[in-house]
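Colleague: I'll drop the sequence and a predicted model, then ask my questions.
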Amino acid sequence: MLFKNASVYRLTKPFEPTAEELLALLEKNAFVPCAGLRPSSFGWVSPIKDIEDAPLGHEVAGSILLCARREDKVIPPSALNEAIAERVDRIESMEGRKLRSKEKLNIKDDALAELLLSKMMPSQNCYREHWHAPSRSWAISTPPRIYW
């Protein structure tokens with residue numbers, strides 16, 4: 001497997017778990033998708049996508065291939081600013097006064113919570129990682145960043 005955007009790290013302190021020990025550690029932090037008010041999520045997924053219930057690591061010749069996934073609910077700033085402005089205008093016209101900054105902050109928090117609960121498209125990044133035990137090296141391939 002070829003890595004794009006790979007960074008290679010060599011560990012200076014001993015870290016020599018067996019494949020079973022490493023997979024047991026990864027199971028505790030398996031990936032769970034974003035839900036509700038949770039803005040982001042990070043965890044481990046199987047590097048083998050075609051097989052259901054595949055292990056979170058794939059061992060070949062003393063090396064272990066891992067895959068980490070990060071999911072973020074992306075809320076464009078323009079959507080948040082629009083929701084805030086709409087609510088502020090509505091309240092100011094109903095009450096006939098300017099809102100204080102603390103009230104606007106509360107409105108911002110409410111608007112953010114509402115947008116997080118909506119079906120905003122999450123961005124998903126998958127990091128492919130390779131642990132080579134004999135040389136104590138760790139190669140991490142990161143995906144290109146998605147910009148709005």
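Modeller: Good, I have the coordinates. Residues are numbered from 1 along each chain as shown.
Colleague: List phi and psi for Ser141.
Modeller: Here is the backbone geometry of Ser141 (degrees, to the nearest 10): phi -110, psi 120.
Colleague: ok, Arg97 to Arg87 distance?
Modeller: As judged by C-beta to C-beta, to the nearest Å, Arg97 and Arg87 stand 15 Å apart. For glycine as for every other residue, the C-beta is placed from the backbone atoms N, C-alpha and C.
Colleague: For those two, indicate the residue with more neighbours.
Modeller: Using other C-beta atoms under 10 Å as the criterion, Arg97 and Arg87 rank with Arg87 on top: 17 against 8.
Colleague: Tell me where the model's unsure across this structure.
Modeller: For the chain, applying pLDDT under 70 flags the ranges 1-4, 119-125, 127, 129, 131-136, 143-148.
Colleague: Arg128 falls within a strand, correct?
Modeller: Yes: Arg128 forms part of a strand when assessed by DSSP: H, G, I helix; E, B strand; the rest coil.
Colleague: residues near the spatially closest residue to it that is not a sequence neighbour, how many?
Modeller: In space, Arg128 comes closest to Ser141 once its chain neighbours are excluded; the distance is 4.4 Å by C-beta to C-beta, 6 or more residues apart in numbering. Ser141 has 17 neighbouring residues, counting by other C-beta under 10 Å.
Colleague: Which strand residues bridge Ser141?
Modeller: Bridge pairing for Ser141 (DSSP bridges) gives the partners Ala6, Arg128.
Colleague: Quickly note the distance from it to Val60.
Modeller: Applying C-beta to C-beta to Ser141 and Val60 gives a distance of 16 Å.
Colleague: Extract the CA atoms of the biggest helix by length in the chain and return them as PDB.
Modeller: Criterion DSSP state H: the longest helix present in the chain is helix 77-95. What follows is helix 77-95, C-alpha atoms only, in PDB (Å, rounded to 0.1, in the frame of the first residue of the first chain):
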ATOM      1  CA  PRO A  77     -20.100  30.400   9.300                       C
ATOM      2  CA  SER A  78     -22.500  32.000   6.900                       C
ATOM      3  CA  ALA A  79     -25.300  29.700   7.900                       C
ATOM      4  CA  LEU A  80     -24.600  30.400  11.600                       C
ATOM      5  CA  ASN A  81     -24.500  34.100  11.100                       C
ATOM      6  CA  GLU A  82     -27.700  34.000   9.100                       C
ATOM      7  CA  ALA A  83     -29.500  32.100  11.800                       C
ATOM      8  CA  ILE A  84     -28.200  34.500  14.500                       C
ATOM      9  CA  ALA A  85     -29.200  37.700  12.500                       C
ATOM     10  CA  GLU A  86     -32.700  36.300  11.800                       C
ATOM     11  CA  ARG A  87     -33.300  35.600  15.500                       C
ATOM     12  CA  VAL A  88     -31.900  38.900  16.700                       C
ATOM     13  CA  ASP A  89     -34.000  40.900  14.200                       C
ATOM     14  CA  ARG A  90     -37.100  39.000  15.200                       C
ATOM     15  CA  ILE A  91     -36.600  39.600  18.900                       C
ATOM     16  CA  GLU A  92     -35.600  43.200  18.500                       C
ATOM     17  CA  SER A  93     -38.700  43.900  16.400                       C
ATOM     18  CA  MET A  94     -41.000  42.100  18.900                       C
ATOM     19  CA  GLU A  95     -39.500  43.800  22.000                       C
END
